[in-house]
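Peer 1: Got a sequence here, can you model it:
(chains A and B)
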2 protein chains.
Amino acid sequence: MDSEKSKISIDNFMTLNIKSIQPDINIKDAAKIMYEQHIPSLLVEENHKMIGIITYADIALALTIFDHKPTTQVREIMSSPIISVTSDHSILKAVELMLEKRIHKIPVIDNEKIQGIISATDLMILFSMLSEKQIYNVVKGQIEKI
Amino acid sequence: MDSEKSKISIDNFMTLNIKSIQPDINIKDAAKIMYEQHIPSLLVEENHKMIGIITYADIALALTIFDHKPTTQVREIMSSPIISVTSDHSILKAVELMLEKRIHKIPVIDNEKIQGIISATDLMILFSMLSEKQIYNVVKGQIEKI
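Peer 2: Numbers count the residues shown, from 1 in each chain, chains lettered A, B, ... in the order given. The predicted structure follows:
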């Protein structure tokens, strides 16, 4: 099999349900958007450029450990710069990045334009397509290699 | 192949690094434990029984949308009752539960005794053992079924 053709790229599995906010929005309003729209992270955009990402963990730590107020602008607490992938990257590249950087969400950006976001949940949907036997064979193969 | 034998059970992949706290600990102290010990969730235990779980999302929402203070006890904001699995459940059962309940962490409890926790990150480690070709074959098979 042609190895190039056998790759499943990120754009097959990414979520298109993304939302970006301005960096001067405050933490409370950002949390409200995340909660009401069932989106566990928001991209932060300024002058048509993605400058950061904010998650529930950023908000929780800001308001407890780092003594911010709900009125603090998200600019102060967002993770920046963004770690991103392009839509033609393979799914396995996204998995590697999530494990290496200890993150669960990676924006998919082509030519500075946001295409979607790939999350641990998207990967679990793919994972759930495996059969017990397929998982067994993979794990068994890995154990035998050690 | 014997289908029972071909199951990979949760105890092969769960994380043993778990921590439980008492329900009267306040939100700020719970966040401090999570941050300092690099644990994104804490189990809440009372009278030797697991009564809830608390994550960064619970803390973020409590302090923004639900107007709690950092001094609120975790009992007030924890997710309860716990959704759990037993260590002999298959990995796929954990994946299904995470997708169905929109959660990323499931405590592993046998006979009311906590054994570990299985998370989306643990599943990604297993996922990263797949080859491009294996993923391709699974996804292709699924698309053909539709």
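
Peer 1: Need the contact partners of stretch A:62-75.
Peer 2: With contacts defined as Cβ atoms under 8 Å, 6 or more residues apart in numbering or on different chains, stretch A:62-75 is touched by A:21, A:23-28, A:30-31, A:42, A:44, A:52, A:54, A:76-77, B:27-28, B:31-32, B:35, B:59-60, B:63-64, B:70. In this view, the C-beta of every residue, glycine as well, is placed from N, C-alpha and C.

Peer 1: Which members of those residues occur in strands, if any?
Peer 2: A:21, A:42, A:44, A:52, A:54 (DSSP state E).

Peer 1: Take the residues you listed and write them to JSON lines, including neighbour count and pLDDT.
Peer 2: Formatted as JSON lines, the ones in strands among the contacts of stretch A:62-75 follow (neighbours: other Cβ atoms under 10 Å in any protein chain shown; pLDDT from 0 to 100):
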{"residue": "A:21", "neighbour count": "18", "pLDDT": "97"}
{"residue": "A:42", "neighbour count": "23", "pLDDT": "95"}
{"residue": "A:44", "neighbour count": "25", "pLDDT": "96"}
{"residue": "A:52", "neighbour count": "21", "pLDDT": "94"}
{"residue": "A:54", "neighbour count": "26", "pLDDT": "96"}
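
Peer 1: Pairing partners for the residue nearest the centre of chain A in the sheet, please.
Peer 2: Of all residues in chain A, the one closest to the mean position by Cα atoms, centre = their mean is residue A:105, 1.3 Å from it. Note on residue A:105: beta-bridge partners by DSSP bridges are residue A:119.

Peer 1: any idea how far it is from residue A:120?
Peer 2: Distance of residue A:105 to residue A:120, given as Cβ to Cβ, to the nearest Å: 7 Å.

Peer 1: Repeat that for residue A:52.
Peer 2: From residue A:52 over to residue A:120 (counting by Cβ to Cβ), the distance is 20 Å.

Peer 1: cool, and residue A:90?
Peer 2: Applying Cβ to Cβ to residue A:90 and residue A:120 gives a distance of 16 Å.

Peer 1: Who has more neighbours out of the two?
Peer 2: Neighbour comparison, residue A:90 and residue A:120: the larger count goes to residue A:120, with 22 against 17 (by other Cβ atoms under 10 Å in any protein chain shown).
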